[in-house]
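Enquirer: fold the following for me, if possible:
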Amino acid sequence: MEHGKVFTDGVTVGARLRQLDAKKVDDLAESLARVGLLQPILVWAPDHETCALVAGQHRLAAAIKLGWSEIECIFVSLDEIDRELAEIDENLIRAELTAAQIADHLKRRKELWEARGGKNFPTGFAKETAERTGQTKRNVNLSIARAEAIPDIKAVAGTSLDKGVELDALAKMPEADQRALIDRARNGEAVSARQYVSPDRIAKNEDSKELRLQAMESLAERLAEHVPHEQWPVMLTELEAVGSGARPVIDAFRRLTGPVFDKTGAA
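Expert: Model (predicted):
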């Protein structure tokens, strides 16, 4: 890879997986003005007439905001699939993506990985992705499951449903109910998939078990929020002592906190 500089107004920014975040651009512009560019952008320039952004959209936008005419870059020689993989991997490594954005990125990454012949690789998708992006294998598999169960997961980003526990509840709903709830969320309503029971299910009196499970999920979420991480193993031991009645709460808690447990080594 060759290092160099390009004119900021000469870099073509095509379709991106993630939209620009105005606040992130402002924060980066402040950082660039104070300490300069620490990480060059990645560009693909196969000839003197083409210069396309591979990764670094927010850094480029911040430089333009500051009025920079040039920006440091790294020239990469990658085909179309590898350029998109580079964008995805950098976002997963560097960006503060939401749960829905992570799931959408990983879903697309898996499609590209399979197109590249990944099924024939000795390392499986989850392991290879974890090694490249810093995600845990558990979180990769969980995010892929969410994306596969929610066809319109890209539309969830930035809404009240854009939380892990909400995505898990949304994934269990029929697709028609998913889309109806997502539409409401995109219109600004503070909806919750965990508290949603379809009219058909209510009419058929099929909601009692689901409502009990939702209550357990809600209790587990509150525990995860208010109990410090280092106290989770002790809390689970105490819940185990309660007996079988606490099992649904324990199971829900482990589902919610699995990625953190993977990283902390707790439990």
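
Enquirer: what residues does stretch 100-108 touch?
Expert: 17-18, 84, 88, 91-92, 97, 129, 135, 139-140, 143-144, 146-148, 150, 153-154, 156-159, 161-162, 167 (Cβ atoms under 8 Å, 6 or more residues apart in numbering). For every residue, glycine as well, the C-beta is placed using N, CA and C.

Enquirer: buried set for stretch 46-62?
Expert: 51, 53-62 (16 or more other Cβ atoms under 10 Å).

Enquirer: next: stretch 178-193.
Expert: 178, 181-182, 184-186, 191-193.

Enquirer: just stretch 24-35 next, same as before
Expert: Quick answer for stretch 24-35 (16+ other Cβ under 10 Å): 24-25, 28-29, 32.

Enquirer: alpha carbons only: can I get it in CSV?
Expert: What follows is stretch 24-35, C-alpha atoms only, in CSV (Å, rounded to 0.1, in the frame of the first residue of the first chain):
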residue,chain,number,x,y,z
LYS,A,24,-19.3,12.8,14.6
VAL,A,25,-18.1,15.0,11.7
ASP,A,26,-18.1,18.1,14.1
ASP,A,27,-16.2,16.1,16.7
LEU,A,28,-13.7,14.9,14.2
ALA,A,29,-13.2,18.4,12.7
GLU,A,30,-12.4,19.7,16.2
SER,A,31,-9.9,16.9,16.7
LEU,A,32,-8.3,17.4,13.2
ALA,A,33,-7.9,21.1,14.0
ARG,A,34,-6.3,20.3,17.3
VAL,A,35,-4.0,17.3,16.6
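
Enquirer: residues in contact with it?
Expert: 58-59, 61-63, 65-66, 68.

Enquirer: one step back: give me the buried subset of the contacts of stretch 100-108.
Expert: 17-18, 84, 88, 91-92, 97, 129, 135, 139-140, 143-144, 146-147, 150, 153-154, 156-157, 159, 161-162, 167.

Enquirer: please narrow these to those residing in strands.
Expert: Among the buried ones among the contacts of stretch 100-108, no member is found in strands (DSSP state E).

Enquirer: tell me, how many residues neighbour residue 21?
Expert: Residues contacting residue 21 under the criterion other Cβ atoms under 10 Å number 16.

Enquirer: residues in contact with it?
Expert: Counting by Cβ under 8 Å, 6+ apart, residue 21 has contacts residue 58.

Enquirer: quick one: pLDDT of it?
Expert: Per-residue pLDDT puts residue 21 at 83.

Enquirer: can you list the weak-confidence ranges in the stretch 151-267 of the chain?
Expert: 197-219, 222, 224, 242-245, 256-267 (pLDDT under 70).

Enquirer: can you give me the helices for it?
Expert: 164-171, 175-186, 199-203, 208-226, 232-242, 247-264 (DSSP state H, counting those that start in this stretch).

Enquirer: between the buried residues of stretch 24-35, which sits nearest residue 114?
Expert: residue 24 (30.7 Å; Cβ to Cβ).
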